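Engineer: all I have is the shape, not the residue letters:
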């Protein structure tokens with residue numbers, strides 16, 4: 001397995017490239033972060049960025065340049081991002097081995113370190 005914090009599948013990378021093209025963000029970084037909030041205590045933040053900040057982990061997969069800030073990196077270590085297409089449409093899936101609980105929405109989770117956070121689902 002790679003030493004990268006995040007593992008993108010080829011399907012996810014292809015979809016991200018399409019989104020970058022559609023939003024005229026070619027050449028941007030994909031920034032992935034963890035933020036406080038959500039019904040399980042933490043939520044994912046994903047977006048395009050044009051600036052590398054001090055302490056960012058920077059790596060590339062399938063032609064996508066990825067940034068993760070130093071606070072988010074331990075919580076995201078080993079996280080796999082995939083894109084799945086079905087008859088109902090498509091969407092990204094996030095599998096985080098550090099999450100001990102997640103909400104039905106799929107974008108909120110809890111780790112052992114923040115296990116005392118209230119659950120509001």
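Structural biologist: Received it, and whenever you're ready, just let me know what you need. Because the structure is predicted, anything quoted here is derived from the model rather than measured.

Engineer: which parts of stretch 61-72 are buried?
Structural biologist: For stretch 61-72, the neighbour count (16 or more other C-beta atoms under 10 Å) marks 61, 64, 66-69, 72 as buried. Where you see a C-beta, it was placed from the backbone N, CA and C, and this is true even at glycine.

Engineer: ok, those vs residue 18, which is closest?
Structural biologist: Using C-beta to C-beta, residue 64 comes nearest to residue 18 of these, at 11.5 Å.

Engineer: output the buried residues of stretch 61-72 as CSV; include the columns pLDDT and secondary structure.
Structural biologist: Listed next are the buried residues of stretch 61-72 as CSV, based on pLDDT from 0 to 100; DSSP: H, G, I helix; E, B strand; the rest coil:
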residue, pLDDT, secondary structure
61, 96, strand
64, 96, strand
66, 96, strand
67, 97, strand
68, 96, strand
69, 95, coil
72, 93, coil
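
Engineer: which one of these is nearest residue 5?
Structural biologist: Of these, the one sitting nearest to residue 5 (C-beta to C-beta) turns out to be residue 68, at 4.8 Å.

Engineer: wait, residue 60 sits on residue 66?
Structural biologist: Yes - if you go by C-beta atoms under 8 Å, residue 60 and residue 66 touch, sitting 6.9 Å apart.

Engineer: report the residue spans of the chain with pLDDT below the cut-off.
Structural biologist: In the predicted model of the chain, residues 1-2, 37-40, 101-121 satisfy pLDDT under 70.

Engineer: can you pull out the strands in it?
Structural biologist: For the chain, the strands defined by DSSP state E cover 6-8, 29-36, 42-49, 57-61, 64-68, 79-86, 89-95, 99-102, 108-111.

Engineer: tabulate those (TSV), appending distance to residue 16.
Structural biologist: Putting these into TSV (distance: least, C-beta to C-beta, whole Å) gives the following:
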stretch	distance to residue 16
strand 6-8	7
strand 29-36	6
strand 42-49	9
strand 57-61	10
strand 64-68	6
strand 79-86	8
strand 89-95	9
strand 99-102	21
strand 108-111	21
